[in-house]
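**Q** Need the 3D shape of this:
(chains A and B)
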There are 2 protein chains.
Amino acid sequence: MTDQQGNERARRGLVLLHTGDGKGKSTAAFGQALRAAGQGLKVCIIQFIKAQTGTGEARAFQALAGQVEFHVKGSGFTWQQKNKDEVIRVARQAFAFAREKIMSGRYDMVVLDELTYLLSYGMVAEEEVLELIRQRPASLHLVITGRDAGEKLVAAADLVSEVRMIKHPYAAGVKAQKGIEF
Amino acid sequence: MTDQQGNERARRGLVLLHTGDGKGKSTAAFGQALRAAGQGLKVCIIQFIKAQTGTGEARAFQALAGQVEFHVKGSGFTWQQKNKDEVIRVARQAFAFAREKIMSGRYDMVVLDELTYLLSYGMVAEEEVLELIRQRPASLHLVITGRDAGEKLVAAADLVSEVRMIKHPYAAGVKAQKGIEF
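**A** Model prediction:
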């Protein structure tokens, strides 16, 4: 292998997967997006579950609006009951939106926040995600978060971190706080 | 317990600890700082190991300079050999700087990035950190990162996440990339 080939391989887009039951998966993805934006990369963030707008992350990324797009595409289905067909429709739309962004060639990094839940709930097939990973522009970095990533997704990723919950303040009666949880 | 007491307890400052050997501890802390800034909180970030300036995170946080201070206080001792006394002096100074920031009352959140290495290397005593946690302003959130957090630090934290490395691209010959690693 020549140096040039080595460098080409080194510059290819990576797939970073943050999974596990602990806190810090999405914030790690946002920190990664922030770091990338600071280095001049164009970033697109898509949230698949959260339906809440005006979160701290969404507001803060507005300061970097020239480089970071932030899209809230969830229906919040985990926390509020809704029509099941409608939830599936919203999820499928969000995934189609993500595919369009990924294939557009306009970004250096795309963050698919809480994507794995769409797989767990059977709303998107794992094979669709694997195909999108294979077909993406070669230099595009993908950051995927969410619990219970399957074996094939782990195999397709370059970097996999598992965040384990050791201790959580909810257990001690502490409520969700602005700036901490959202 | 009355509701008011409950709310007071809910609003107290938390200690968030991201430890373990996986990737995503510092980026989780930066994402947390970004979220907090987006909610109007004043944040101070102190890096204890990295000596490198001009990282993506440092540049990006300049866009939020009104709310987020970013201080690089490390000597980079893990990656370059230096005079040991000098390394210890720099670390002690950085810790004194952090204490001053924490006790100033000017911040809602202070991030102590890679602090645990100062404990592992014996440059700061665990008891000094525990005392600082106890003495800090009651509403101040502390975010601490680094491998090998000790039992007492884990006990003193409200939230503890362990980031486990499942797979790392270095193993596949991929080099550190701008926007991903720094």
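**Q** my read: A:Val111 touches A:Ala28, true?
**A** No. Using C-beta atoms under 8 Å as the test, A:Val111 is too far from A:Ala28 to be in contact (10.2 Å). Yep, even glycine has a C-beta here, placed from its N, CA and C like the rest.
**Q** Which neighbours do those two have in common?
**A** Residues touching both A:Val111 and A:Ala28 by C-beta atoms under 8 Å, 6 or more residues apart in numbering or on different chains: A:Thr145.
**Q** now A:Phe70, what's its secondary structure?
**A** Of the three states, A:Phe70 takes strand according to DSSP: H, G, I helix; E, B strand; the rest coil.
**Q** Can you verify my assumption that it contacts A:Ile45?
**A** Yes. Counting by C-beta under 8 Å, A:Phe70 does reach A:Ile45; the two are 4.9 Å apart.
**Q** Which residues are in contact with each of those two?
**A** Counting by C-beta under 8 Å, 6+ apart, the contacts common to A:Phe70 and A:Ile45 are A:Phe61.
**Q** Please enumerate the helices of chain A.
**A** With helices called from DSSP state H, chain A shows them at A:3-11, A:25-38, A:56-62, A:84-103, A:116-120, A:126-135, A:151-156.
**Q** and those, which is most packed in?
**A** Of all the helices of chain A, helix A:25-38 carries the top mean neighbour count, a mean of 29, counting by mean count of other C-beta atoms under 10 Å in any protein chain shown.
**Q** just the angle between that helix and helix B:25-38, please?
**A** Helix A:25-38 and helix B:25-38 are oriented at 90 degrees to each other (axes from the mean of the first three to the mean of the last three C-alpha atoms, to 10 degrees).
**Q** can you list the helices of chain A in TSV and add mean pLDDT?
**A** Output for the helices of chain A, formatted as TSV (pLDDT from 0 to 100):
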stretch	mean pLDDT
helix A:3-11	46
helix A:25-38	96
helix A:56-62	95
helix A:84-103	94
helix A:116-120	94
helix A:126-135	97
helix A:151-156	96
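**Q** Which of those helices sits closest to B:Ser120?
**A** helix A:25-38 (22.0 Å; C-beta to C-beta).
**Q** and the angle from the closest one to strand A:68-72?
**A** If you take the same axes, to 10 degrees, helix A:25-38 sits at 150 degrees to strand A:68-72.
**Q** Contacts (any at all) between chain B and helix A:25-38?
**A** Yes. For helix A:25-38, a contact with chain B is found by C-beta under 8 Å from any C-beta of the partner chain, at A:25-32, A:34-38.
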